[in-house]
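Engineer: One predicted model, sequence on top.
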Amino acid sequence: MVTTAENPAFKINIDEQELSELCKGIALACVRSAAAPAPAAAAAPAPPIYFTDPDETPAKKTRTFKTSQGEHVISSLSDDKCIAALQRKGSGGHAFSKTLLEKKDRFGSWTQAQAAWAHKLANEQVAQAPTQKEKELERASLIALLALLKVPGGKLKQPSIVFENGDSMLRLQLAGARSKKPGSVNVTDGGEYGKNTWYGRIDQAGGWEAARTSKLPVWAIDIMNGLAKDPAGTIRDNSKLTGRCCFCRRKLDQPAAVSMGMGLQCAQNFSTPALDLERSWKDEEKRLREQNKN
Ligand SMILES: [Zn+2]
């Protein structure tokens with residue numbers, strides 16, 4: 001555990017290697033100050049570490065941060081890029097990166113020393129994988145998903161759709177009137193309220209507001225993009241793995257419901273003129289009935 005001079009309440013978890021580096025630095029500083037002939041003699045400042053973002057032009061402006069050990073970190077990363085890099089590092093199991101992201105989420109900003117560490121770690125991450133392109137949610141998908149969950153006529157209080165991948169879950173749920181952002185769509189891991197992981201929200205305009213601490217898994221991005229392009233196919237494929245209605249989570253028993261991945265009631269609730277699930281459901285029932293006759 002480490003506390004900083006700027007903010008004594010700030011505690012960080014640090015892994016053994018980082019702690020050992022830190023201790024070496026402190027020990028060295030102690031030896032130097034003990035050996036110094038006059039206490040007034042200022043120690044030479046540590047040479048700054050320069051980082052440049054490989055995605056940016058060299059003309060990009062830089063910012064300087066100072067750690068509580070007096071180390072200068074010069075970074076050309078924006079805060080958003082810094083956060084994205086820390087998320088990658090954090091999802092790779094780096095506990096200190098996660099701690100820094102939690103601080104940012106909780107307090108809205110970092111202290112000078114925290115920002116210095118955040119940019120130092122983020123720049124190391126960026127330097128490691130400069131060309132790694134990430135899968136992204138498509139704008140058209142977000143708009144389509146928003147439309148899917150805004151059930152006409154307000155038949156349901158908080159319509160949601162759920163997908164599974166092994167032990168993992170993905171839930172998209174329309175935020176109710178009393179929520180922080182009514183009419184937006186919250187995206188979570190499907191856990192119960194208060195204990196779930198929030199990945200972000202689709203805002204009313206179809207924009208994506210990502211959570212800082214939890215990154216949407218790649219399979220979930222595939223589902224969300226797929227759901228917009230081929231809703232029926234994506235729902236059918238996923239329900240084959242679960243045997244449940246993607247909307248209400250009830251076990252499916254009727255053949256047409258199993259085939260469609262949803263019960264008739266939910267198909268009716270989620271039908272819109274653009275996506276007539278009820279029509280598709282009844283067509284499927286008819287098709288299966290005729291198939292059985294032959
Ligand atoms: Zn259902």
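Structural biologist: That came through, no problem.

Engineer: C-alpha only now, for contacts and for neighbours.
Structural biologist: Will do.

Engineer: by contact count, what packs against the helix or strand encompassing Ala147?
Structural biologist: Using DSSP states H and E, the element containing Ala147 is helix 139-149. Contact here means 3 or more C-alpha pairs under 8 Å, 6 or more residues apart in numbering; DSSP states H and E; on that basis helix 139-149 packs against helix 218-229.

Engineer: ok so, going back, what comes up buried for the helix holding Ala147?
Structural biologist: Within helix 139-149, the residues scored as buried using 16 or more other C-alpha atoms under 10 Å are Ser141, Leu142, Ile143, Ala144, Leu145, Leu146, Ala147, Leu148, Leu149.

Engineer: Nearest residue to the first one in space, please, no chain neighbours.
Structural biologist: So that's Ser141. Ala228 (4.8 Å; C-alpha to C-alpha, 6 or more residues apart in numbering).

Engineer: count of neighbours near that neighbour?
Structural biologist: 20 (other C-alpha atoms under 10 Å).

Engineer: wait, isn't it in contact with Glu138?
Structural biologist: No: Ala228 lies out of contact with Glu138 (C-alpha atoms under 8 Å); the separation is 9.3 Å.

Engineer: returning to what we had before: any chance of the buried residues of helix 139-149 in a markdown table with distance to the ion and pLDDT as columns?
Structural biologist: Shown next, in a markdown table, are the buried residues of helix 139-149 (distance: C-alpha to the ion, whole Å; pLDDT from 0 to 100):
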| residue | distance to the ion | pLDDT |
| --- | --- | --- |
| Ser141 | 22 | 91 |
| Leu142 | 22 | 93 |
| Ile143 | 23 | 92 |
| Ala144 | 20 | 91 |
| Leu145 | 18 | 93 |
| Leu146 | 19 | 92 |
| Ala147 | 18 | 90 |
| Leu148 | 15 | 90 |
| Leu149 | 14 | 92 |
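
Engineer: Can you tell me which of those residues comes closest to Pro255?
Structural biologist: Nearest to Pro255 among those: Leu148, at 24.0 Å, using C-alpha to C-alpha.

Engineer: Can you name the residues of the stretch 101-250 of the chain sitting close to the ion?
Structural biologist: Within the stretch 101-250 of the chain, the positions adjacent to the ion are Cys245, Phe247, Cys248 by C-alpha under 5 Å from the ion.

Engineer: What ranges in the stretch 151-294 of the chain fall below the confidence cut-off?
Structural biologist: Under the criterion pLDDT under 70, the flagged ranges of the stretch 151-294 of the chain are 153.

Engineer: Break down it into its helices, ranges please.
Structural biologist: 218-229, 231-242, 255-260, 264-269, 277-293 (DSSP state H, counting those that start in this stretch).

Engineer: Buried ones in the fourth one, by neighbour count?
Structural biologist: What it means is helix 264-269. Of all the residues in helix 264-269, those buried under the rule 16+ other C-alpha under 10 Å are Leu264, Cys266, Ala267, Gln268, Asn269.

Engineer: Could you report the distance from the last one to Glu278?
Structural biologist: Look at Asn269 and Glu278: by C-alpha to C-alpha, to the nearest Å, they are 8 Å apart.

Engineer: picking up where we left off before, going by distance to Glu164, which of the buried residues of helix 264-269 wins?
Structural biologist: Cys266 (18.2 Å).
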